[in-house]
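# I'd like to go over a predicted model; first the sequence, then the structure.
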Amino acid sequence: MGCGAIDMGCLFDLPQHIVAVLDRLEQAGYASYVVGGAVRDSLAGRTPHDYDVCTAAFPQQVEDIFFDHHVIETGLQHGTVTVMMEGEPVEVTTFRTEGSYSDGRRPDSVQFVTAIADDLARRDFTVNAMAYSPQRGLCDPFGGQDDLRRKLLRCVGDPDARLQEDALRILRALRFAAQRGYAIELQTVQALRRNQHGLAHVSAERITAELLQLVCGPYAGTVMMEYADMITGLLPELAPMVGFAQHNPYHKYDVWEHSVRAMESIRPDPLLRLAMLFHDCGKPGTFHMDDNGVGHFYGHPILSYQLAQQAARHLRLPVQMEQELLYLVRHHDTPLGNTVRSVRRKLAVHGETRFRNLLAVKKADCIGQGTTPENLTELLETEALLEQVLAEQGCLTRKDLAVNGNDLLAWGISGPSIGRYLSEMLNRVLDDPSCNTRERLYEIFLEVHSRQGCLQLTVNGISARCCARQVKRLLEALPAVTQVEVALDSGLVKLYGQNIPLDQVQDTLTAAGFEVAI
């Protein structure tokens, strides 16, 4: 511990522009160090992403020393200027101590000091409170190097004081544990729990930035299980999942552990990790136990969607990420097909990116169940069918049809009806690709125009037999419909009758939470 001229040059391969800044400051008589994450990562054998320099020189003195370089006054009130050295920006900050944090994020005041140890005392964790100078060696007054060796995360000084200065440090501690596999020292853990209410005063954007890194960490599952109370305190929509037994032979774990295991089983993409965390959050609210003591969760994808939507809005996720998250949660239980025909139709509904994401979600969901590995084999077969359909380069959208809107205009159709006719044609082609000729599509047009035969739709959101029965019951109640057939694996719905009003069909299904995709 402490600061001294310990030769650790073999561990620190500093970029030349950083060395140049340190050398000039030292030549001017001011102690200068690389500090924080760059030191931690170098000692851990990692390549730092960036380097911060701190110095005993005051900001005006730094500007004078680098009079022949472009210097940007990026944060004078906190002692920071940016020096452009060899075309690279280098942040240089004066050693400082800090006053109180009335806003729970930034110090109300800073005081410049000349001792590096005083500066390090204000930092969050011991592994981040180390500094290195090629001339002066390693400065480690709080035992950060020992904690790094032990993979231990510990606050500098009084943990309550550090966490009250900036409550985001609470989530940052969990993120470090998830990313690096650090254990958190007991007194620090106790302080994390005592002060977690402070996260309510941290902006959603800062919380979300940490959370998305946390869930993608290789040790995220361990952190989620050990600190479930803190994660669900941050995301209350998930709280009912913890310890909620499923009473179902297809599930080995409670809802929370299943979701965490599923999250661990999917690639570390923020969207996919969040999807696994939220995909079953509607289960506690839809739980039903039958007469045999078996638990069921009818309709849980819809409630999971609603809860995920609520969480996404207070997290202020980017709009596109929110949309994709909700789509994956809503349709995580919807079959993707087990034949070329059904996979082709589902690919037309979801598009390739969403289909692949849903497939990844289903694989992770299966692994997280811990009971039915044979289901994973079925999903691999679905994946092979997907590749087969993609290789066909067949008709998957209305744009791929052998006719277009101009043809429909020539056949006497105008306005919104053009889209309806094209959708009907696409539904027929998805079942039988050989129909995609101008001659056959004209025959289908005449058939639809006369309202003879059947009307075909592809409905999204039919995830179980109970959903198929619901769709069938809803559509059979329409006066113009005489018969309904619903295919669970593909979402294909056939309606028989005369002059079936498509608008009424769409409104009926939408009101029940389904979507007419084609």
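Cool, got the structure. Numbering: from 1, shown residues only.
# low pLDDT regions in the stretch 51-200 of the chain?
Within the stretch 51-200 of the chain, the segments meeting pLDDT under 70 span 99, 101-107.
# what's the answer for the stretch 401-518 of the chain, then?
451-453.
# That one: helices as residue ranges?
In chain order, the stretch 401-518 of the chain shows helices spanning 405-410, 417-431, 438-449, 465-476, 502-511, with DSSP state H, counting those that start in this stretch as the criterion.
# List the buried residues for the fourth one?
Of the residues in helix 465-476, those with enough neighbours to count as buried (16 or more other C-beta atoms under 10 Å) are Cys467, Ala468, Gln470, Val471, Lys472, Leu474, Leu475. Placement of C-beta: from N, CA and C, glycine included.
# and what of the third one?
Buried residues in helix 438-449, counted by 16+ other C-beta under 10 Å: Arg440, Leu441, Ile444, Phe445, Val448.
# The shortest one now?
By neighbour count, and taking 16+ other C-beta under 10 Å as the criterion, the buried residues in helix 405-410 are Asp407, Leu408.
# returning to that earlier point: could you dump the helices of the stretch 401-518 of the chain to TSV with distance to Arg341?
Output for the helices of the stretch 401-518 of the chain, formatted as TSV (distance: least, C-beta to C-beta, whole Å):
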stretch	distance to Arg341
helix 405-410	26
helix 417-431	6
helix 438-449	17
helix 465-476	17
helix 502-511	22
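# Of those helices, which is nearest Gln60?
Distances from Gln60 to each of the helices of the stretch 401-518 of the chain were compared using C-beta to C-beta; the minimum, 65.5 Å, belongs to helix 502-511.
# What is that closest one packed up against?
With contacts taken as 3 or more C-beta pairs under 8 Å, 6 or more residues apart in numbering; DSSP states H and E, helix 502-511 sits against strand 454-460, helix 465-476, strand 515-516.
# Can you add distance to Thr74 and give those back as CSV?
Shown next, in CSV, are the helices and strands packed on helix 502-511 (distance: least, C-beta to C-beta, whole Å):
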stretch, distance to Thr74
strand 454-460, 50
helix 465-476, 56
strand 515-516, 49
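# Of all those, which one is nearest Leu271?
Taking C-beta to C-beta as the measure, the helices and strands packed on helix 502-511 were each checked against Leu271, and strand 454-460 came out nearest at 19.1 Å.
# all strands of the stretch 151-300 of the chain, in order?
152-153, 183-184, 288-289, 295-296 (DSSP state E, counting those that start in this stretch).
# From Gln60, how far off is Val484?
Relative to Gln60, Val484 is positioned 80 Å away (C-beta to C-beta, to the nearest Å).
# so how far is Ile184 from Thr74?
Distance check for Thr74 against Ile184: by C-beta to C-beta, it reads 33 Å.
# ok, now Val481?
Computed as C-beta to C-beta, the Val481 to Ile184 distance reads 61 Å.
# Have a look at these two and say which one is more surrounded.
When Val481 and Ile184 are compared for neighbours, Ile184 comes out ahead with 22 against 19, by other C-beta atoms under 10 Å.
# so what's that one up against?
Leu152, Leu153, Arg154, Ala173, Leu174, Ala177, Leu192 (C-beta atoms under 8 Å, 6 or more residues apart in numbering).
# So which of those residues is the closest to Leu11?
When those are compared against Leu11 (criterion: C-beta to C-beta), the nearest one is Leu152, at 19.4 Å.
# so who does that closest one touch?
Contacts were defined as C-beta under 8 Å, 6+ apart; by that measure Leu152 touches Tyr182, Ala183, Ile184, Glu185.
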